[in-house]
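Peer 1: dropping a prediction and its sequence here:
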Amino acid sequence: MIDKRVATMAEAMAGIRDGSVVLIGGFGDVGQPDALIEGLIAQGATNLTVVANNAGRGRTGLAHLMELGRVRRIVCSFPRSRGSVVFEELYSAGRIELEIVPQGTLAERLRAAGAGIPAFFTPTAVGTRLADGKEERAFDGRPHILEYALPGDVALVEAWRADRFGNLIYRESARNFNPVMAMAARLTIVQVQHLAELGTLDPEAIATPGIFVDRVLHVPYAQAKG
């Protein structure tokens with residue numbers, strides 16, 4: 001019987017290694033799997049490369065993980081945003097590496113990883129410092145640069161509903177980066193606010209099929225937000 005539900009945070013985090021590439025869903029605080037991030041902190045993995053839309057804010061969630069010195073490198077679109085105090089402190093002190101990726105390119109690099117596409121050309125960032133050192137080719141007279149897929153060792157995802165197969169439904173804008181990150185990782189771990197009986201989820205509403213999901217942990221809303 002297929003059942004991807006796990007009973008404890010320790011079981012959800014088992015096996016994550018030092019040096020892993022960790023994809024963290026969310027758009028700011030929306031759809032960010034804060035409980036799983038705290039679980040990763042407790043699990044102890046370090047020297048991580050984190051891929052996320054932004055570099056955290058305040059001193060909780062992703063910012064807390066960075067503040068503890070557990071993140072060696074971050075790949076994101078918005079490293080500086082309201083409240084990104086931890087990232088700015090670390091970057092100013094030379095204690096964290098940064099790769100900036102335009103938001104649409106970040107999403108496509110993740111989607112490409114999930115679809116088995118190794119690389120693609122895009123006009124985004126042509127003529128800017130973000131194109132330095134990248135292969136350039138013209139299509140229909142317009143220059144494009146080569147971008148590579150961005151697979152992860154682990155994806156930490158938040159969803160609204162899931163069944164025991166790992167089929168996922170997201171709520172409104174909390175969907176954001178979560179589906180493409182779920183596809184792009186070798187190990188996908190999900191915190192979900194509601195568990196549903198098998199066969200009760202609307203197939204048309206399932207954004208992430210269970211084939212992309214490895215572990216599902218029930219985290220009710222109050223626990224998800226601490």
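Peer 2: That came through, no problem. Residues are numbered from 1 along each chain as shown.
Peer 1: dump the residue contacts of the residue lying closest to residue 117 once chain neighbours are set aside.
Peer 2: By the measure of C-beta to C-beta, 6 or more residues apart in numbering, the closest residue to residue 117 outside its immediate chain neighbours is residue 149, 6.0 Å from it. Quick note: C-beta positions are derived from backbone N, CA and C, even for glycine. Neighbouring residues of residue 149 by C-beta atoms under 8 Å, 6 or more residues apart in numbering: 109-110, 112-113, 117-119, 184.
Peer 1: equivalent analysis for residue 71, please.
Peer 2: Shown in contact with residue 71 (C-beta under 8 Å, 6+ apart): 48-50, 65, 96.
Peer 1: just the pLDDT for it.
Peer 2: Per-residue confidence at residue 71 stands at 98 (pLDDT).
Peer 1: ok, it to residue 121 distance?
Peer 2: As judged by C-beta to C-beta, to the nearest Å, residue 71 and residue 121 stand 30 Å apart.
Peer 1: state the pLDDT value of residue 115.
Peer 2: Reading off the confidence values, residue 115 has pLDDT 97.
Peer 1: which helices and strands does the top helix by length along the chain pack with?
Peer 2: The residue-count maximum for a helix in the chain (DSSP state H) belongs to helix 103-115. With contacts taken as 3 or more C-beta pairs under 8 Å, 6 or more residues apart in numbering; DSSP states H and E, helix 103-115 sits against strand 119-122, strand 142-148, helix 178-184.
Peer 1: so in that sheet, which strands flank the shortest one, and in what orientation?
Peer 2: By that I understand strand 119-122. As defined by DSSP bridges, the strand partners of strand 119-122 come to strand 142-148 (antiparallel).
Peer 1: neighbour count and distance to residue 25 added to the contacts of residue 149, as TSV?
Peer 2: Formatted as TSV, the entries for these read as follows, by neighbours: other C-beta atoms under 10 Å; distance: C-beta to C-beta, whole Å:
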residue	neighbour count	distance to residue 25
109	24	15
110	26	10
112	21	17
113	21	14
117	13	20
118	9	23
119	11	23
184	25	11
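Peer 1: make a markdown table from the residues you listed and add distance to residue 41 to it.
Peer 2: Listed next are those as a markdown table, based on distance: C-beta to C-beta, whole Å:
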| residue | distance to residue 41 |
| --- | --- |
| 109 | 26 |
| 110 | 23 |
| 112 | 30 |
| 113 | 25 |
| 117 | 33 |
| 118 | 33 |
| 119 | 33 |
| 184 | 22 |
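Peer 1: just for the chain, where's the confidence low?
Peer 2: Flagging of the chain using pLDDT under 70 yields the residue ranges 222-226.
Peer 1: what about the helices in it?
Peer 2: 9-13, 34-43, 62-67, 85-92, 103-115, 178-184, 221-224.
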